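Novice: Structure here, sequence nowhere to be found:
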């Protein structure tokens, strides 16, 4: 096991109930078990304890299509969004974002519960909320000396503050609304960095990132920024070139808006700003920014636009930026469909970057979903261990359930890949061959 010095951060567990397709409680646990693979577990020092905590750097979520793999990551991102945006995005009477399980009437009326257990800079924290259209319950505890210390606990009608927070009681009371999280309110303060809750807020702001197809353009721009950063350019270049895509440079190209494009943007801005904030006649707009890639040609380097690249190239580049940021900052990276449009060897290399201590000294963590069963390996080699494999499936009522492979107590020499494909752990589709035959016959009749 790899010993780590204090001061690092890690996600220990995430719990949700009545959230999107999850009607009942689900918990993803990143604490290592007796089934952990050799050389993967990290031991992190924690304040107030003589024994370190054993943490896993990665977890993979597998399951059939529409079984809730993506949903689980989105629920984790929902919690981040609530913390970062419930204060600034809600006017008087507005409702907090709330996505309960909607396939039965009783769940659609109950609040959603979300909780995290963390280590932040060597100190353990616990934070949770219950929300529907308003905040029903919210709490935060830290363990600076190994013992639980209340920061605040809130119900629908009152907030109880711990000793370190009492000086802030009147200030918070002036801003906290029924549909606003206390933690989100802290993020709106100019002096938030010295607030007792600031480490927790900053963790959600900087240490938790969701990567999906809809964020690819932003991540490509981020990769280009890394190429412009002399301090990080070398690692960005190495990761891009390691994929054997023939790319030598990632560029940001700026294009001034003029003519019809300028008029369209102006009209859109006027609608968004409203009549109370009219644009001046001479109002100008910053140039549009896009990414372009340089390749090594036969005689010279050639620049190509993204639309000329393969889908796999675009996916790899966008993912590279998020991976580099996570490894550099020790962040938790949530990746939807890690294996989408990527060669299995590239997928394995990404997981290896997080699993190997020499690649990942700051204890970044990767939580992803995929279908690529080669990651599960055979009896001699695995990229994902037995306690790092999670399975999702839908029950007859349409609710998602989650299990961990170690619930089935697999032997050390078992082939996770073969066992998963054989359905021993669940998480595989129940396909009706007769239905396929009937659909095919009707299609050609």
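Specialist: Received it, and whenever you're ready, just let me know what you need. Keep in mind that what you see is a predicted model, and the values were worked out from it rather than measured.

Novice: From what I see, residue 200 and residue 120 are in contact.
Specialist: Yes: counting by Cβ atoms under 8 Å, residue 200 sits close enough to residue 120 to count as a contact (6.8 Å). Every residue, glycine included, has its C-beta placed from N, CA and C.

Novice: and stretch 396-404, average pLDDT?
Specialist: What stretch 396-404 shows for mean pLDDT is 93.

Novice: still on that earlier bit, have a look at residue 200 and residue 120 and say which one is more surrounded.
Specialist: Counting neighbours by other Cβ atoms under 10 Å for residue 200 and for residue 120 shows that residue 200 has the greater number, 22 against 18.

Novice: Give me the buried stretch members for the helix or strand harbouring that one, please.
Specialist: Secondary-structure assignment from DSSP states H and E places residue 200 in helix 198-206. The neighbour-count criterion (16 or more other Cβ atoms under 10 Å) identifies 198-204 as the buried residues of helix 198-206.

Novice: ok, now stretch 67-80?
Specialist: 67-80.

Novice: going on from the helix or strand bottoming out on mean pLDDT in the chain, what's the next piece of helix or strand?
Specialist: The weakest-scoring helix or strand in the chain, judged by mean pLDDT, DSSP states H and E, is strand 2-4 (a mean of 48). Reading on from strand 2-4 to the C-terminus, the next helix or strand found by DSSP H and E is strand 10-17.

Novice: Could you list every helix and strand in contact with that next one?
Specialist: Other helices and strands packing on strand 10-17, by 3 or more Cβ pairs under 8 Å, 6 or more residues apart in numbering; DSSP states H and E, are strand 26-29, strand 53-55, helix 69-85, strand 112-120, strand 365-369.

Novice: If we use 7 Å, what do you get?
Specialist: Other elements packing on strand 10-17 under the criterion 3 or more Cβ pairs under 7 Å, 6 or more residues apart in numbering; DSSP states H and E are strand 26-29, strand 112-120.

Novice: residue boundaries of the helices in this structure?
Specialist: Remark: helices of the chain, listed N- to C-terminal, are 69-85, 105-109, 169-173, 182-186, 198-206, 216-228, 233-242, 259-273, 311-329, 344-355, 416-421, 433-444; assignment by DSSP state H.

Novice: Buried deepest among those, which one?
Specialist: Ranked by mean neighbour count, the helices of the chain are led by helix 182-186 with a mean of 25 (mean count of other Cβ atoms under 10 Å).

Novice: Which one of the helices of the chain lies nearest to residue 126?
Specialist: In terms of Cβ to Cβ, the element of those nearest to residue 126 is helix 198-206, at 9.6 Å.

Novice: where does the protein have low pLDDT?
Specialist: 1-6, 89-95, 190-194, 256-288, 379-380, 430-442, 445 (pLDDT under 70).

Novice: tell me the domain ranges of it?
Specialist: Structural domains of the chain, as assigned by automatic domain parsing, span the residue ranges 1-207+330-445, 220-326.

Novice: Name the stretch among these that sits most buried.
Specialist: Looking across those with neighbours counted as mean count of other Cβ under 10 Å, the highest average goes to domain 1-207+330-445: a mean of 17.

Novice: for that one, the distance to its chain's centre please.
Specialist: When distances are taken as Cα atoms, centre = their mean, to the nearest Å, domain 1-207+330-445 is centred 8 Å away from the chain's centroid.

Novice: Residue 214: which of the domains of the chain is closest?
Specialist: With respect to residue 214, and counting by Cβ to Cβ, the nearest of the domains of the chain is domain 1-207+330-445 at 9.4 Å.

Novice: Could you dump the helices of the chain into CSV and include distance to residue 53?
Specialist: Rendered in CSV, the data for these read as follows (distance: least, Cβ to Cβ, whole Å):
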stretch, distance to residue 53
helix 69-85, 20
helix 105-109, 34
helix 169-173, 31
helix 182-186, 23
helix 198-206, 16
helix 216-228, 31
helix 233-242, 29
helix 259-273, 47
helix 311-329, 20
helix 344-355, 18
helix 416-421, 25
helix 433-444, 48
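
Novice: Give me the nearest residue to residue 179, chain neighbours excluded.
Specialist: Setting aside the residues directly before and after it, residue 179 is nearest to residue 96 in space (Cβ to Cβ, 6 or more residues apart in numbering), at 4.5 Å.

Novice: Pretty sure the one you found sits against residue 129.
Specialist: No: with contact defined as Cβ atoms under 7 Å, residue 96 does not reach residue 129; the gap is 9.3 Å.

Novice: Residues that sit against both of those two, list them.
Specialist: For the pair residue 96 and residue 129, residues contacting each of them under the criterion Cβ atoms under 7 Å, 6 or more residues apart in numbering are residue 135.
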